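S.K.: no FASTA, just this:
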Ligand SMILES: [Zn+2]
């Protein structure tokens, strides 16, 4: 499993463009008495946002003349630099997921699904003032038109990922541990292939859950004397780069802290020097749960270590694990090559909700962490550098520099020169 190629980020470290959409929602309410003026402001605000969307859409989606307009391409560091100097409208690749690419549209119509179910619209912007740079960052807000849009229920994924990242950072703040161990476990092809069979699908998923539990037990016993881990995981059923193909695997995320027999949290050394033993444990778990399915040569285990201090990477990782399968159809399904026999499987993939599950102890159950927690939750963050930020309601977006993802980097378009009249164009 490799993470999407466009995993670049802004800030001190590499993270994905997806991660930069992250922001804790902080709602401003316009209700209450004496709100006529506020309502007028809101109206003006909506007008400005609409005009801005009209102005930047052709550029971002490279329509008409803008297709031929050469624009400067920036790398991650240059975007970070720009964030220090200018207010930015930031359109990451996710915000470009408004229309399904032709191959995916064709696949949907073969399944007799209306293509509209995969579309989304820009409905406005969320604007933040970054506490570190003092600059404003505006992110397009997406509304999905149906369940096959990658934006479908995206806000709930975003906030749940943000909460988990905060919980993990609490452990770091409390001096308990310092790394997130990110582990990938794959199954042999013979097991993945069973997902194509409708009668076996649910059963295979159930067994996979069990298999993971068995593995975690073995891991705790073999490496940590039976002390307990806290493991968050997602089970993916599709292959990232060929999402119409079954590929059963788990993404595990756990901090390097154990709950010992006395009920205390203690750090452990995060690096696995002995990958062969890990692989052996995983193979054993598969054998125990699925039986002697196949010569399990090809099980893969990847392990990486993410510093808990590094929020952009943390967020990126957790979002990557929780993303909708449809994102991969938008990103990687370049030709409609899915064989007819896979269509029922694709149908199940598209309806797969990819829930995040949990094993072991929970951070919330330690009363001594509550104080730190109360300081860290519900903090609004800059979508670019993840510093503390505040939400801004009445931003005039006309002077903002547009930065949008073009597959190889970020294109930049300076704002139009101000015209005395104060009109948008
Ligand atoms: Zn910032």
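M.R.: That came through, no problem. Since this is a predicted model, take the numbers as computed values, not measurements.
S.K.: Taking the stretch 1-150 of the chain, what residue is nearest to the ion?
M.R.: Nearest to the ion in the stretch 1-150 of the chain, going by Cβ to the ion, is residue 130, at a distance of 3.1 Å. Every C-beta, even on glycine, is put in place using the N, C-alpha and C of the backbone.
S.K.: just checking, that residue touches residue 391?
M.R.: No: taking contacts as Cβ atoms under 8 Å, residue 130 lies outside contact range of residue 391: 11.4 Å.
S.K.: which ones are touching the residue of the stretch 1-150 of the chain closest to the ion?
M.R.: Shown in contact with residue 130 (Cβ atoms under 8 Å, 6 or more residues apart in numbering): 83, 136, 137, 382, 384, 385, 387, 389.
S.K.: Could you report the distance from the first one to residue 55?
M.R.: Distance, residue 83 to residue 55, using Cβ to Cβ, to the nearest Å: 21 Å.
S.K.: before we move on, what about the fifth one?
M.R.: Distance of residue 384 to residue 55, given as Cβ to Cβ: 21 Å.
S.K.: Looking at these two, which one has more neighbours?
M.R.: Neighbour count, other Cβ atoms under 10 Å: between residue 384 and residue 55, residue 384 has more, with 28 against 18.
S.K.: biggest helix in the protein by residues?
M.R.: helix 198-224 (DSSP state H).
S.K.: how about the nearest residue to residue 208 once chain neighbours are set aside, secondary structure?
M.R.: Among residues not flanking residue 208 along the chain, residue 235 sits closest, at 5.7 Å (Cβ to Cβ, 6 or more residues apart in numbering). Three-state assignment for residue 235 (DSSP: H, G, I helix; E, B strand; the rest coil): strand.
S.K.: Quick check: mean pLDDT of stretch 405-413?
M.R.: For stretch 405-413, the mean per-residue pLDDT is 83.
S.K.: quick one: it to chain centroid distance?
M.R.: Distance of stretch 405-413 from the chain centroid (Cα atoms, centre = their mean, to the nearest Å) equals 20 Å.
S.K.: End to end on it, go ahead and measure it.
M.R.: 12 Å (Cα to Cα, to the nearest Å).
S.K.: Repeat that for stretch 101-116.
M.R.: One end of stretch 101-116 to the other measures 12 Å (Cα to Cα).
S.K.: can you list the residues that contact it?
M.R.: Residues contacting stretch 101-116 (Cβ under 8 Å, 6+ apart): 100, 117-118, 145-146, 148, 244, 326, 329-330, 333-338, 343, 346-347, 350.
S.K.: Next to the ion in this structure, residues from the stretch 1-150 of the chain, please.
M.R.: Within the stretch 1-150 of the chain, the positions lying close to the ion (Cβ under 5 Å from the ion) are 130, 133.
S.K.: ugh, typo on my part, it should be the stretch 301-425 of the chain
M.R.: Counting by Cβ under 5 Å from the ion, the stretch 301-425 of the chain comes close to the ion at 382, 384, 385, 387.
S.K.: For the third one, grab phi and psi.
M.R.: Put plainly, it is residue 385. phi -120, psi 0 (degrees, to the nearest 10).
S.K.: Would you check that it makes contact with residue 80?
M.R.: Yes: look at residue 385 against residue 80 with Cβ under 8 Å: they come within range, at 6.9 Å.
S.K.: Comparing the two, which residue is more hemmed in?
M.R.: Counted by other Cβ under 10 Å, residue 385 and residue 80 do not tie: residue 385 has more neighbours, with 24 against 17.
S.K.: now stretch 81-98, how far from the centre of its chain.
M.R.: 16 Å.
S.K.: Identify each buried residue in that stretch, please.
M.R.: 82-83, 86-98 (16 or more other Cβ atoms under 10 Å).
S.K.: Quick check: mean pLDDT of it?
M.R.: pLDDT averaged over stretch 81-98 gives 90.
S.K.: gap between the two ends of it?
M.R.: 28 Å.
S.K.: Buried residues, the lowest-mean-pLDDT helix or strand in the chain. List them.
M.R.: Between all helices and strands in the chain, the lowest mean by mean pLDDT, DSSP states H and E belongs to helix 36-60, at a mean of 78. Within helix 36-60, the residues that count as buried by 16+ other Cβ under 10 Å are 38, 45, 48, 49, 52, 53, 55, 56, 59, 60.
S.K.: Looking at those residues, point me to the pair that's furthest apart.
M.R.: Pairwise distances across those (Cβ to Cβ) peak at 31.7 Å, for the pair 38 and 59.
S.K.: pretty sure residue 227 is touching residue 217, no?
M.R.: No: between residue 227 and residue 217 there is no contact under Cβ under 8 Å: 11.8 Å.
S.K.: which stretches of the stretch 301-425 of the chain form strands?
M.R.: 301-307, 356-360, 389-392, 401-405, 410-413 (DSSP state E, counting those that start in this stretch).
S.K.: Residue 283 is nearest to which of these?
M.R.: strand 301-307 (9.7 Å).
S.K.: angle of that closest one against helix 198-224?
M.R.: 60 degrees (axes from the mean of the first three to the mean of the last three Cα atoms, to 10 degrees).
S.K.: roughly how far is strand 301-307 from the heart of the chain?
M.R.: The answer for strand 301-307 is 17 Å, by Cα atoms, centre = their mean.
S.K.: Could you point out which residue ranges in the protein have low pLDDT?
M.R.: Applying pLDDT under 70 to the chain flags residues 1-39, 65-69, 294-298, 419-425.
S.K.: try 80
M.R.: For the chain, applying pLDDT under 80 flags the ranges 1-46, 61-72, 93-96, 292-300, 377-378, 406-408, 416-425.
S.K.: Show me the helices in it, by range?
M.R.: So, for the chain - with DSSP H - the helices run 36-60, 76-85, 102-110, 154-173, 189-194, 198-224, 275-290, 311-322, 325-332, 343-350, 370-376.
S.K.: Which elements pack onto the fourth one?
M.R.: The one in question is helix 154-173. Secondary-structure packing of helix 154-173 (3 or more Cβ pairs under 8 Å, 6 or more residues apart in numbering; DSSP states H and E): helix 311-322, helix 370-376.
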